[in-house]
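Trainee: turn this into a structure:
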Amino acid sequence: MDWQPDEQGLQQVLQLLKDSQSPNTATQRIVQDKLKQLNQFPDFNNYLIFVLTRLKSEDEPTRSLSGLILKNNVKAHYQSFPPPVADFIKQECLNNIGDASSLIRATIGILITTIASKGELQMWPELLPQLCNLLNSEDYNTCEGAFGALQKICEDSSELLDSDALNRPLNIMIPKFLQFFKHCSPKIRSHAIACVNQFIMDRAQALMDNIDTFIEHLFALAVDDDPEVRKNVCRALVMLLEVRIDRLIPHMHSIIQYMLQRTQDHDENVALEACEFWLTLAEQPICKEVLASHLVQLIPILVNGMKYSEIDIILLKGDVEEDEAVPDSEQDIKPRFHKSRTVTLPHEAERPDGSEDAEDDDDDDALSDWNLRKCSAAALDVLANVFREELLPHLLPLLKGLLFHPEWVVKESGILVLGAIAEGCMQGMVPYLPELIPHLIQCLSDKKALVRSIACWTLSRYAHWVVSQPPDMHLKPLMTELLKRILDGNKRVQEAACSAFATLEEEACTELVPYLSYILDTLVFAFGKYQHKNLLILYDAIGTLADSVGHHLNQPEYIQKLMPPLIQKWNELKDEDKDLFPLLECLSSVATALQSGFLPYCEPVYQRCVTLVQKTLAQAMMYTQHPEQYEAPDKDFMIVALDLLSGLAEGLGGHVEQLVARSNIMTLLFQCMQDSMPEVRQSSFALLGDLTKACFIHVKPCIAEFMPILGTNLNPEFISVCNNATWAIGEICMQMGAEMQPYVQMVLNNLVEIINRPNTPKTLLENTGRLTSPSAIPAITIGRLGYVCPQEVAPMLQQFIRPWCTSLRNIRDNEEKDSAFRGICMMIGVNPGGVVQDFIFFCDAVASWVSPKDDLRDMFYKILHGFKDQVGEDNWQQFSEQFPPLLKERLAAFYGV
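Mentor: Below is the predicted model:
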C-alpha cells in the first residue's frame, strides 16, 4: 500500500508553508524553529514530497516551496533518510516529472539532481534510463520535464557521467540528445543543446565520437527563431573554438560571418554570448590569419556594443550627477584581499607599456555582472594586442566621430574605445596623443558624471606616455584636473579619479615632488568628504603616493597635513574591522617613506600591530583545540599587521629597537613562521629580514631556533615564501659573520637546488611591472653565505657558479649585489678550480657592474689577471675570442684584459 499522509499532519505542514511566505521576520523565526522540530520526524519529508507532487488543489508557489524545503533537507541529511522515505521520494519525482505546471516540473528537476549529486547516481540505476525513456513521450510536459531534469544532472555531474563508474551512459545519452536538435518545440531544442554543451570543455569521448554530427546540427540551428536556442548555439561554438578548433577551421569563414550577425542580435543575451567568440578567438594562434579580412566589419560592431544601453544608465543612476552625501550600502563594497609582502630586487629591465590590470575596464561596479559593453571592450582590448597598429585604419575614422559627438552616450563610448586600445595600439596612437590628451583632459569636466569617470580611466591608460613628455605639457594639466575630480560631487567619478591618480603616481614617481603640497591638500580634504567605499580607494592612492615619492615625503609640513587624518581613522577603527587592511597597507607605505619622520606616531601603531598578531594567534589556537566552539580567525589581520611591522622596521631602522625590546614580537614571530598558511609565513620571513637589518641584537638569541625553520621553507613550490626565507637568511649571514658556520649545511643544498631549477617562475616587482630574475635572491644569499663562510661553501662552487652568474648579471649595482660578489671572489680564492669551466660566465657577470667600489674592482682585477696569467697569453686570446664584442670592450676598458 502506498504511503498516505495523516490529515491533521498535512494541515500542519500546509500552515507552515503558508506562514513561511510571510514577510514578517518574527513569523519567519517561528517557522525556522518549527522546521527544526518537524525534521525530527522521518516521514516529514514524505509530507513535503506529497504536497509537491500530489496536492494539485494547492497553489503552485506553496507546492514549489514544499519541494525546495525538501531539497534543502536532502542536501543537509539525505544519508539519514530511512530507505522507505528515500524510495518514496524518488518514485514520486519520476512519476510526476511531467506535471502540468512548468514551475513544479522545474522544482522536481532540481530535487532529482540534488539527490543524484548526493552520490545517488550510482545508487539510483533506473534514473537515467527512465528519464531518457520519458524523452520519447508524446506528452510535451513529460518530455520537457525529463529534459529539464537531465540538463540539471548534466550540469551538476558531467564528470561522473563520462566515467566508468556508471558504465559510460553518455554513449547512449549524447546520440539521444542530438536527435532532439530538430524537435518542433524551441524549449526542447534549447535543452538538448544545453545538455550536450556540458561535455565540450572536458572533451567527453562520446561527444568527440559524434563531433561532426554535433557541428552539422548546430549549423542547422544557426538561424533559429528562438533566442535561447541561438544563445546555446553561440555558446557551443565558443567552446568548440577552444577545444576542437581543428573541426571548425574548414568552416571558419562562415562561422565568423555568423558571429558578426549574432554579435548584433536584438536579444542582448545572444549578442553577449556571441561576443565571447572574439575574446576566445584572440587567444588562438590562427586569429590573425582568419580574422584580418573581417576586421572592417567587426570593429564597428564591437565599437557599437560599447555604448551604455538604456537599462545600464538606469541601473547606474546615470542621471544622478551628485550623490556624494548618500552613504554606501554595505553590499556595494567588494571584499578586499591583502597581498602579502614580497621581497624583490631592483632590476634593469624596461617596464612594458600599459599596466597589467588591462581589464579592470570601465569599472561599472553596479554592473559588475558581465555585459555586452564590457565584453565588447575586452574583445577590442585583446584584439588590439593581437593586431597592434593594423587595427587603427578601421578605428580612427570611427573615433573622430565618436569623441566629438554631441550625444553624451556616444561620446562616452568613444572615450572607452580609446582606453581599450591603449595597451595594444600605443605605438600607432602616439602621433595623435598630443591632440587627444588635451581633449580627454577637457572631458574630465564634462557635465555628465559617466563621461567624467570614463575619461579618468582612459587617461590613466595613457599615463606612461603623459609622463614621458615635458611635465608642463600634459602632466601638470592632467594632475590638476584629476585632483579636482577626486573632489567631484559624484561618487563614481571620485572612485575613477582616485584609481587613475594612483596609476599616474606609479608612472610619475618623483616627478610629483614639486606638487606634493597641493596633492596632499586634495587627498586630505577628500578624507572628510568620502563615503565608506571610496575611502578604501583613497588609502590606496595615499599609499601609492608614498611608494612613488619615497623620502621626499619626509618634510614637517607634509607630515603635518597627512598624519592627523590617518591617525584619526586608525583610532576610530576597531581591531576586528576589515577596513584596517587598506589603512594598514597605506600606513606601511607611509612609514617606509617617512623614515624618522614617522617616529612620533610609531609607538601606538607598533603596539596595535603586535596585538593584532597576538589576538589572531590566540584565536587560531582556540579554533584548533575546539573547532566546534570557536570560529577560525581571519588571518589577513595578522598578515597585514606583520607587513606594517616590516614597513616600520624598514622606515625607522635602528629606532625600532626600543619598540622591539619592550614587546614579545620575537616569540610571536617564532609561531608565525610555522603557521600552516603560506601567506603568513611569507610575511613573517619578510619581517624577520627587516628586523635583522634594523635591530639584530634582538634576533640573534633566536637564531638557533629560527634557522631550521628557514631551512624547511626553502621550497620553491611556494615561491614567495621561499624567496622571503632565502632573503632573510642572506640578511642574517651579513650580521652573523663567521658565526654562521654551524648553519651553512642546513640551507646550502636547498639553495643550490633552487638556483639550478630551470624554470623558477618570475617574481613580479610590485609597483613597476619590472621583472626581477627569480634566482637573484638565492644567488645573493649563496654569495653572502660564501662571504662569511668561504671554506664551507667554496667546495660546491662548480655546482652553482653558472646559474649564479647569469641570475646576477641583470641586477643593478647595490649593497646586496656588492656583498654577494665579494663572497664569490672569496670562494674563487679558496677553490679556483670550481670556476674554470664556467669562467666566461664569471667574466660576463663582472662586466655587468657599472661602478663597483674600488676594493671590489681590485678583487675582480686580480681574479681576471690571475686566470689570464695561469692559462698564458695564447690560450687567453683563444678564450676571449668567444666573448661578444660588448663584453670584450668592457673588460678591456675596465680591467685591461
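Trainee: quick one: least confident helix or strand in this protein?
Mentor: When the helices and strands of the chain are scored by mean pLDDT, DSSP states H and E, strand 763-764 comes last with a mean of 36.
Trainee: pretty sure residue 600 is in a helix, no?
Mentor: Yes: checked against DSSP: H, G, I helix; E, B strand; the rest coil, residue 600 lies within a helix.
Trainee: what is the burial count for residue 844?
Mentor: When neighbours are counted by other Cβ atoms under 10 Å, residue 844 registers 19. No exception for glycine: its C-beta is placed from N, CA and C like everyone else's.
Trainee: equivalent analysis for the one 10 residues further on, please.
Mentor: Number of residues near residue 854 (other Cβ under 10 Å) recorded here: 7.
Trainee: with the one 3 residues further on instead?
Mentor: Residue 857 has 15 neighbours, counted by other Cβ under 10 Å.
Trainee: pull the contacting residues for it.
Mentor: Neighbour list for residue 857: 849, 894-895 [criterion: Cβ atoms under 8 Å, 6 or more residues apart in numbering].
Trainee: now list the buried members of those.
Mentor: 849, 894-895 (16 or more other Cβ atoms under 10 Å).
Trainee: turn those into TSV, including pLDDT and secondary structure.
Mentor: Shown next, in TSV, are the buried ones among the contacts of residue 857 (pLDDT from 0 to 100; DSSP: H, G, I helix; E, B strand; the rest coil):
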residue	pLDDT	secondary structure
849	92	coil
894	91	helix
895	91	helix
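Trainee: want to throw those residues into a markdown table with distance to residue 195?
Mentor: Below are the buried ones among the contacts of residue 857 laid out as a markdown table (distance: Cβ to Cβ, whole Å):
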| residue | distance to residue 195 |
| --- | --- |
| 849 | 65 |
| 894 | 71 |
| 895 | 73 |
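Trainee: so which of those residues is the closest to residue 614?
Mentor: Nearest to residue 614 among these, counting by Cβ to Cβ, is residue 849 at 45.3 Å.
Trainee: quick check: that closest one touching residue 813?
Mentor: Yes: contact criterion Cβ atoms under 8 Å: residue 849 and residue 813 qualify, at 6.0 Å.
Trainee: could you work out the end-to-end span of stretch 834-843 for me?
Mentor: 14 Å (Cα to Cα, to the nearest Å).
Trainee: go through it and flag the buried ones.
Mentor: Applying a neighbour-count criterion of 16+ other Cβ under 10 Å, one finds 834-835, 838-843 buried in stretch 834-843.
Trainee: just the ones of those residues in helices?
Mentor: 839-843 (DSSP state H).
Trainee: give me phi/psi at residue 811?
Mentor: According to degrees, to the nearest 10, the main-chain angles of residue 811 amount to phi -90, psi 140.
Trainee: so what's it bridging to?
Mentor: Beta-bridge partners for residue 811, by DSSP bridges, are residue 347.
Trainee: can I assume it is in contact with residue 818?
Mentor: No: counting by Cβ under 8 Å, residue 818 is not a contact partner of residue 811; they are 10.6 Å apart.
Trainee: which one's more surrounded, the two?
Mentor: More neighbours surround residue 811 than the other of residue 811 and residue 818, with 22 against 17 (other Cβ under 10 Å).
Trainee: need the pLDDT of that one.
Mentor: In this prediction, residue 811 carries a pLDDT score of 87.
Trainee: so which bits of the helix or strand encompassing residue 821 are buried?
Mentor: Secondary structure from DSSP states H and E places residue 821 in helix 815-830. By 16+ other Cβ under 10 Å, the buried positions in helix 815-830 come out as 816-828.
Trainee: so can I have TSV of these showing distance to residue 376?
Mentor: Output for these, formatted as TSV (distance: Cβ to Cβ, whole Å):
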residue	distance to residue 376
816	47
817	47
818	52
819	53
820	50
821	53
822	57
823	56
824	55
825	59
826	61
827	59
828	60
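Trainee: make TSV out of the residues you listed and add pLDDT and distance to residue 276.
Mentor: Shown next, in TSV, are the buried residues of helix 815-830 (pLDDT from 0 to 100; distance: Cβ to Cβ, whole Å):
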residue	pLDDT	distance to residue 276
816	90	47
817	92	47
818	94	52
819	95	52
820	96	49
821	96	52
822	96	56
823	96	54
824	96	53
825	96	58
826	96	59
827	97	56
828	95	58
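Trainee: okay, helices next: where are they in the stretch 401-550 of the chain?
Mentor: Using DSSP state H, counting those that start in this stretch, the helices of the stretch 401-550 of the chain run over 408-420, 422-429, 433-443, 449-461, 463-468, 475-486, 491-508, 516-529, 532-549.
Trainee: ok, which of these comes nearest residue 107?
Mentor: Of the helices of the stretch 401-550 of the chain, nearest to residue 107 by Cβ to Cβ is helix 532-549, at 37.9 Å.
Trainee: just checking, what packs against the closest one?
Mentor: Other elements packing on helix 532-549 under the criterion 3 or more Cβ pairs under 8 Å, 6 or more residues apart in numbering; DSSP states H and E are helix 491-508, helix 516-529, helix 556-572, helix 580-594.
Trainee: gap between it and the chain center?
Mentor: Distance of helix 532-549 from its chain centroid, counting by Cα atoms, centre = their mean, to the nearest Å, is 19 Å.
Trainee: one more: stretch 621-638?
Mentor: That offset, for stretch 621-638, works out to 26 Å (Cα atoms, centre = their mean).
Trainee: distance between the ends of it?
Mentor: The straight-line separation of the ends of stretch 621-638 (Cα to Cα) is 14 Å.
Trainee: three-state assignment of residue 633?
Mentor: Secondary structure, three-state DSSP: residue 633 is coil.
Trainee: in contact with it, which residues?
Mentor: Contacts for residue 633 were tallied using Cβ under 8 Å, 6+ apart; they are 615-616, 619-620, 623.
Trainee: wait, which of these is closest to residue 502?
Mentor: Taking Cβ to Cβ as the measure, residue 502 lies nearest residue 616 of the contacts of residue 633, at 28.6 Å.
Trainee: which ones are touching the residue nearest to the closest one when sequence neighbours are not counted?
Mentor: The shortest distance from residue 616 to any non-neighbouring residue, by Cβ to Cβ, 6 or more residues apart in numbering, is to residue 638 (3.9 Å). Residues near residue 638 by Cβ under 8 Å, 6+ apart: 612-613, 616-617, 672, 680.
Trainee: show me those that map onto strands.
Mentor: When DSSP state E is applied, the contacts of residue 638 are split such that none fall in strands.
Trainee: most surrounded residue in those residues?
Mentor: Per-residue neighbour counts (other Cβ under 10 Å) across the contacts of residue 638 peak at residue 613, which has 27 neighbours.
Trainee: thinking it is in contact with residue 642, fair?
Mentor: Yes: Residue 613 sits in contact with residue 642 when judged by Cβ under 8 Å, with a separation of 6.4 Å.
Trainee: what sits in contact with each of these two?
Mentor: Common neighbours of residue 613 and residue 642, using Cβ under 8 Å, 6+ apart, are residue 672.
Trainee: what are the ranges of the strands in the stretch 651-800 of the chain?
Mentor: All strands of the stretch 651-800 of the chain, identified by DSSP state E, counting those that start in this stretch, fall at 763-764, 771-772.
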